[in-house]
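In: for reference, the sequence and a predicted model appear below.
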Amino acid sequence: MAGILLGLYPDGMQYNEFQFIPVYTKQGDPKSVVDAVNQLVFFERVDIVSGLISYKSIPDIIPVIERHNILAFFFDMGECVPYFEHFSPRIFYSSQQIVQSQYALGHWAHKEYGDVGMMIMPVYEAGYHLNTAFYKGACTAGSQTMGLHVLPRDTSNISNFNLSAFFSEIEKNPPSFIHAVFAGDMGNNFLKLWRQSSFYKHIPLLVIENMAYDDVLEDIADLGIEMFSATTWSRNSESIRNQEFVNKYENTGGQMANIYGLLGYEAGLALKEVKHLIIRRDFDGAAKLLQKESVIGPRGERNFYPVSGFSLPLIDILKISTSHQKIYKTVLSQGRGLKFDSTDFKEIHEESVSGWQNPYMCI
């Protein structure tokens, strides 16, 4: 919300034009999401429905949004490739596009280390397109084989984190690299065990984008670990627009600029351009403008309407080192993602049988 307000009001926040009305969606399951949207539309009479959401919930929401001629501006981490067989001219998205950084990292990994790499992740993370996007990137670089190790979920003790079977597997068949896909504390737990293992320094470690955020790495900076990742945004980017956002956000909110604030800020920049139409309740005019509009923000050009094709992020491949509670990031290469309608992404959709509904990192 802070990011949205900063984008809407670059010269200083006003609090009398927009009001935020929160509704709890539990664990993001389809029924809870639809119930929340219905509450906002029918009882709260909102003009714009917003929130962090899974693309798989969109088909159930479209009828409500269109029937009542309002707008929706959703946020997502990009844990799934957008499938725009389901789209609406009134629904817009601000996405981190993690599948794009995964694709670029997979391509770089094969070029750098060759076959055969191995991915490791828990059951939860395996339910998205994160591993398949990485694999497709490696395939386009020439990979023929990729190992996959999914950690079983211990239902008797969900906090149990045991890598013994994984370590035994890579000891028998050492891969050319390891790619770790974790969220939250489990990611840092993996890094601690990996750093203590005999495989550290002998097998390169690549991690998903969210495991390399500055605020996450601060918790394990004293490990003295080296790894690689890909990112669509860096708080330390020296571009004028990024520094403008970071300075405003941190001076106003008193916390480190983060991806959630960034996504909100980008949406706020877009909404600023149609604010005069929204205030007049000309939602048809606002939707038509948002369909064509792009803004220049901290990540460069951004647009928000699926059918127009999302602007592809410029992706940095990073070497990350921590030492004495300091974090060092060095850009090694740059990569590009794929257009949403590419054949590779189409195959990911057709081959994915997951029923996962929750937005990534939101359980």
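Out: Thanks, I have the structure now. Numbering: from 1, shown residues only.

In: run through this structure and note the low-pLDDT ranges.
Out: For the chain, the stretches with pLDDT under 70 are 13-15, 84-85, 363.

In: spatially central, which residue of it would that be?
Out: Central residue of the chain (CA atoms, centre = their mean): Met77, 2.5 Å from the mean position.

In: which residues touch that one?
Out: Residues near Met77 by CB atoms under 8 Å, 6 or more residues apart in numbering: 52, 95-96, 98, 210, 259, 359-361. All C-beta atoms are positioned from the backbone trio N, CA, C, and that covers glycine.

In: before we move on, what about Ala257?
Out: Counting by CB under 8 Å, 6+ apart, Ala257 makes contact with 235, 245-246, 249-250.

In: now Tyr135
Out: Neighbour list for Tyr135: 106, 119, 143, 146 [criterion: CB under 8 Å, 6+ apart].

In: and of the residues you listed, the nearest to Glu17?
Out: Within those, distances to Glu17 taken as CB to CB reach their minimum at Gly106, with 43.9 Å.

In: now the helices for the stretch 101-250 of the chain?
Out: For the stretch 101-250 of the chain, helices defined by DSSP state H, counting those that start in this stretch occupy the ranges 123-126, 130-140, 164-172, 185-196, 214-217, 240-253.

In: so which bits of the last one are buried?
Out: Using 16 or more other CB atoms under 10 Å as the test for burial, helix 240-253 gives 241-242, 245-246, 248-249, 253.

In: before we move on, what about the fourth one?
Out: Of the residues in helix 185-196, 186-188, 190-191, 193-195 count as buried by neighbour count, 16+ other CB under 10 Å.

In: need the residues that contact that helix.
Out: Applying CB under 8 Å, 6+ apart, the contact partners of helix 185-196 are 120, 122, 161, 163, 178, 180, 182, 200, 205, 207, 210-211, 216, 219-220, 223-225, 227.

In: which PyMOL command selects the buried ones in these?
Out: The PyMOL selection below is limited to those of the contacts of helix 185-196 classed as buried (16+ other CB under 10 Å):
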select buried, resi 120+122+161+163+178+180+182+200+205+207+210+211+216+220+223+225+227
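
In: give me the subset of the contacts of helix 185-196 lying in strands.
Out: Using DSSP state E, 120, 122, 178, 180, 205, 207, 227 are the members of these that sit in strands.

In: longest helix anywhere in the protein?
Out: Longest helix in the chain by number of residues (criterion: DSSP state H): helix 259-279.

In: now that helix and helix 240-253, what's the angle there?
Out: Calculated by axes from the mean of the first three to the mean of the last three CA atoms, to 10 degrees, helix 259-279 forms an angle of 90 degrees with helix 240-253.

In: helix or strand right after helix 259-279?
Out: Next helix or strand after helix 259-279 toward the C-terminus (DSSP states H and E): helix 283-292.

In: buried residues in that next one?
Out: Using 16+ other CB under 10 Å as the test for burial, helix 283-292 gives 283, 286-287, 290-291.

In: tabulate the CA atom coordinates of it in PDB.
Out: Extracted in PDB, the C-alpha atoms of helix 283-292 (Å, rounded to 0.1, in the frame of the first residue of the first chain):
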ATOM      1  CA  PHE A 283     -13.800   2.900 -15.500                       C
ATOM      2  CA  ASP A 284     -14.300   2.200 -19.200                       C
ATOM      3  CA  GLY A 285     -11.900   5.000 -20.100                       C
ATOM      4  CA  ALA A 286      -9.500   4.000 -17.400                       C
ATOM      5  CA  ALA A 287      -9.400   0.400 -18.600                       C
ATOM      6  CA  LYS A 288      -8.800   1.500 -22.200                       C
ATOM      7  CA  LEU A 289      -5.900   3.700 -21.200                       C
ATOM      8  CA  LEU A 290      -4.300   1.000 -19.000                       C
ATOM      9  CA  GLN A 291      -4.500  -1.500 -21.900                       C
ATOM     10  CA  LYS A 292      -2.200   0.700 -23.900                       C
END
